[in-house]
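In: The following comprises the amino acid sequence and a computationally predicted model.
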Amino acid sequence: GAVVSQHPSRVICKSGTSVKIECRSLDFQATTMFWYRQFPKQSLMLMATSNEGSKATYEQGVEKDKFLINHASLTLSTLTVTSAHPEDSSFYICSARGTGAGETQYFGPGTRLLVL
Amino acid sequence: GDSVTQMEGPVTLSEEAFLTINCTYTATGYPSLFWYVQYPGEGLQLLLKATKADDKGSNKGFEATYRKETTSFHLEKGSVQVSDSAVYFCALNHMDTGRRALTFGSGTRLQVQP
């Protein structure tokens, strides 16, 4: 099946710094990528949808200026958590879909962010 | 808006027991339905899906049938193994309207004991 990677898998940062998370589709072109957030023992909550070459669409309650999403190519989307705070600590998961992978979404392994 | 409701876990079973994890949904139109599995320390993996009423998705011994009359998509397996221990998420999206983002249920943790 299609493979989606995320980097880094884990990151610890100090409060006030910015962290960039990469999501790559390895063997297909992802026309759309999704970013989710998962709190411990809870479900995934959609943060934003990004289409290659256009601005991301954010879900209600998600701060655009805090969670910057760039989808500059058909195989790469990035999520930057700006001025991170301890409450941003979470598990961030991306998924990707594209014509090469059919309608199915394929998920990355997730990035665990800990803000001290 | 759309919503997915799953039975609360954890569900604890002995090896070779029969598994059912209930899932019901609320949505307009004709959503596609999915089951995803998340093994400890890993990302979500698609387990099975169904895109229209009465479709049955199946994979690795797991099955689920899209029941529009009861708005359900219950997951079943006839004989679970220890390796099936994971968190299972029911989800839907709207390929019919173009909204591809998934709406997830809260997840059900399955623990299979030897």
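Out: Looks like it arrived, so ask away.
In: Where do the strands of chain A begin and end?
Out: Along chain A, counting by DSSP state E, strands occupy A:4-7, A:10-13, A:19-25, A:32-38, A:44-51, A:57-58, A:67-73, A:76-81, A:90-97, A:106-107, A:111-115.
In: Enumerate the residues of chain B near chain A.
Out: Neighbours of chain A within chain B, by C-beta under 8 Å from any C-beta of the partner chain: B:32, B:36, B:42-46, B:49, B:89, B:93, B:95, B:100-107. C-beta here means a position set from N, CA and C on the backbone, and glycine is covered the same way.
In: Filter these down to the buried ones and hand me the PyMOL line.
Out: Applied in PyMOL, the following selects the buried portion of the residues of chain B next to chain A according to 16 or more other C-beta atoms under 10 Å in any protein chain shown:
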select buried, chain B and resi 32+36+43+44+45+46+49+89+93+100+101+102+103+104+105+106+107
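In: Output the below-cut-off pLDDT ranges for the chain.
Out: Looking at chain A here, since you left the chain open. Scanning chain A for pLDDT under 70 picks out A:1, A:99-103.
In: sorry, should have said chain B
Out: Low-confidence segments of chain B (pLDDT under 70): B:95-99.
In: which one's the longest strand in chain B?
Out: Assigned via DSSP E, chain B shows its longest strand as strand B:86-94.
In: Can you list the helices and strands that that strand packs against?
Out: Here strand B:86-94 touches strand B:3-6, strand B:23-26, strand B:32-38, strand B:99-104, strand B:108-113, going by 3 or more C-beta pairs under 8 Å, 6 or more residues apart in numbering or on different chains; DSSP states H and E.
In: got a list of contacts for it?
Out: For strand B:86-94, the surrounding residues in contact (C-beta atoms under 8 Å, 6 or more residues apart in numbering or on different chains) are A:43-44, A:105, B:2, B:4, B:6, B:9, B:21, B:23, B:25, B:27, B:29-40, B:44, B:47, B:73, B:75, B:99-105, B:107-110.
In: List buried residues within the residues you listed.
Out: Here, 16+ other C-beta under 10 Å leaves A:43-44, A:105, B:2, B:4, B:6, B:9, B:21, B:23, B:25, B:27, B:31-38, B:44, B:47, B:73, B:75, B:100-105, B:107-110 buried among those.
In: Now do the contacts for the nearest residue to A:Ser25 once chain neighbours are set aside.
Out: Excluding its sequence neighbours, the residue lying closest to A:Ser25 (C-beta to C-beta, 6 or more residues apart in numbering or on different chains) is A:Ala96, at 4.6 Å. For A:Ala96, the contact set (C-beta under 8 Å, 6+ apart) comprises A:2, A:4, A:23, A:25, A:28, A:30, A:32-34, A:77, A:105-106, A:108.
In: Chain B contacts on chain A?
Out: A:1, A:6, A:32, A:34, A:41-46, A:49, A:93, A:95, A:97, A:103-110.
In: Are any of those buried, and if so which?
Out: Looks like the residues of chain A next to chain B have A:6, A:32, A:34, A:43-46, A:49, A:93, A:95, A:97, A:104-110 buried, using 16+ other C-beta under 10 Å.
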